[in-house]
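[1] Quick one, structure for this:
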Amino acid sequence: RACAPAAKKLSKNELKKLAKGKVKKEKKEKPASWGAPGASAKKKKEKAKAKPAADDSAEFAAYMAALPPVGSGRCKDMTKLPMLPSYRPEAVEARWDEHWTAAGYYSADAVAAAGRPLAEKFSMVMPPPNVTGRLHMGHAMFVALQDVLARFHRMRGRPVLWTPGTDHAGIATQLQVEKLLKSEGASREGVGREEFLRRVWAYKAEQGGHITGQLRSLGASADWTRERFTMDPALCDAVTEAFVRLHEKGLVYRGEYMVNWAPLLQTAVSDLEVEYSEEEGRLYYFKYMVEGGGPDDYIPVATTRPE
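    Got it, this is the predicted structure:
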């Protein structure tokens, strides 16, 4: 026959409570999902998935149409407009940049700066990013630092000139244009110098300007009315003049030295554009004998580049 389970031995306190009619309530077991890792996040995710995304495109278009026109002096007045259900940067950052530019807050006043001493003026040049490039963290870093300086000196009442510009990025642009020519079954040598230059300028006109727009979206308070390009005629003349003067003074000269050579582009490239790889090499030792000394009097020199 089946044996009855052994009775649980009660403590003195439990016996007293039992005599007084105080019955201990049994604890209810929690559902298995309670306390499970990620249970709350999972519920939220399922809830968000079940709820369809609101289409506010029509509402946003009406909102943008109701905004005061740029240059009207009322760009800041959005108090009479309904608040959008979600944040839309197109209605804020882009509008602010257009308003500040139209108001001339970024432009340097040459007339006002003419009568000020040199110590009370502030000027700097933006390191020119590649004209056909796109924004990356390095650009965001220098723009933030330079923008802080520009705004700081404006707040001190000083005339500020922050000159923006873009670099021609010759090698990078040449590579992209040569890829386009290759897709057409042509080559740089085949089309000739003049046609290749025309294609490069066309590529610059098509792809250039994106990074400038991105910099402006960041809120860079540069004087965009003075934006320059490194291949502008005036800048080219200035570079030529500088090199001629340096050559005449003997400060620059032509000589032979080791370079990084790109076989495809047939040009030298900088160390920044080289992909390095580790390889097993050798260390070569040379003895530079000491004049007037014995056979053991020398200075050892070691190098991996005996040439």
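
[2] the strands in the stretch 51-200 of the chain, which residues?
    122-125, 160-163, 165-166 (DSSP state E, counting those that start in this stretch).

[3] The second one - contacts with which helices or strands?
    Applying 3 or more CB pairs under 8 Å, 6 or more residues apart in numbering; DSSP states H and E, we find strand 160-163 packed against strand 122-125, helix 137-155. Quick note: C-beta positions are derived from backbone N, CA and C, even for glycine.

[4] Can you lay out those as CSV showing distance to Phe196?
    Converted to CSV, the helices and strands packed on strand 160-163 look like this (distance: least, CB to CB, whole Å):
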stretch, distance to Phe196
strand 122-125, 30
helix 137-155, 29
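
[5] Ok, which of these comes nearest Ala112?
    Nearest to Ala112 among the helices and strands packed on strand 160-163 is helix 137-155; the distance by CB to CB comes to 12.1 Å.

[6] May I see the buried residues of that closest one?
    139, 143, 146-147, 150, 153-154 (16 or more other CB atoms under 10 Å).

[7] Quick one: closest of the strands of the stretch 51-200 of the chain to Val131.
    Closest of the strands of the stretch 51-200 of the chain to Val131 is strand 165-166, at 3.9 Å (criterion: CB to CB).

[8] Run through who's touching the closest one.
    Strand 165-166 is contacted by residues 125-126, 128-131, 208, 211-212, 227-230 when judged by CB atoms under 8 Å, 6 or more residues apart in numbering.

[9] Tell me how far Glu279 lies from Thr304.
    Note on Glu279: its distance to Thr304, by CB to CB, to the nearest Å, is 11 Å.

[10] what's the answer for Ala150, then?
    Taken as CB to CB, the span from Ala150 to Thr304 is 46 Å.

[11] Looking at Glu279 and Thr304, which is more packed in?
    Thr304 (8 against 5; other CB atoms under 10 Å).

[12] Which residue is the nearest non-sequential neighbour of that one?
    Gly281 (5.3 Å; CB to CB, 6 or more residues apart in numbering).

[13] For the one you found, the count of nearby residues, please.
    8.

[14] Now do it against Ala202, distance only.
    For Gly281, the distance to Ala202 - CB to CB - is 45 Å.

[15] what about this protein, any weak spots by pLDDT?
    In the predicted model of the chain, residues 1-9, 20-56, 68-81, 93-94 satisfy pLDDT under 70.

[16] what about the helices in it?
    12-19, 39-50, 57-66, 93-103, 110-114, 137-155, 170-183, 188-191, 193-207, 210-217, 233-248 (DSSP state H).

[17] Tell me which of the ones you listed sits nearest to Lys287.
    Closest among these, using CB to CB: helix 233-248, at 39.2 Å.

[18] which residues sit against that closest one?
    228-229, 252-253.

[19] try it again with 7 Å
    228, 252 (CB atoms under 7 Å, 6 or more residues apart in numbering).

[20] now swap in stretch 286-295 and tell me
    By CB under 7 Å, 6+ apart, stretch 286-295 touches 297-301.

[21] Now find how far off-centre that stretch is within its chain.
    Centroid separation between stretch 286-295 and its chain, computed with CA atoms, centre = their mean, to the nearest Å, is 55 Å.

[22] May I have the distance across it, first residue to last?
    Using CA to CA, to the nearest Å, the span of stretch 286-295 from its first residue to its last is 14 Å.

[23] Spatially central, which residue of the protein would that be?
    Residue closest to the average C-alpha location in the chain (CA atoms, centre = their mean): His136, at 2.2 Å.

[24] Relative to Gln214, how far out is it?
    For His136 relative to Gln214 (CB to CB), the value is 10 Å.

[25] now Thr225
    19 Å.

[26] Look at these two and report which has more neighbours.
    Shown here are Thr225 and Gln214; by other CB under 10 Å, Gln214 has more neighbours (18 against 11).

[27] dump the residue contacts of that one.
    Per CB under 7 Å, 6+ apart, neighbours of Gln214: Leu135.
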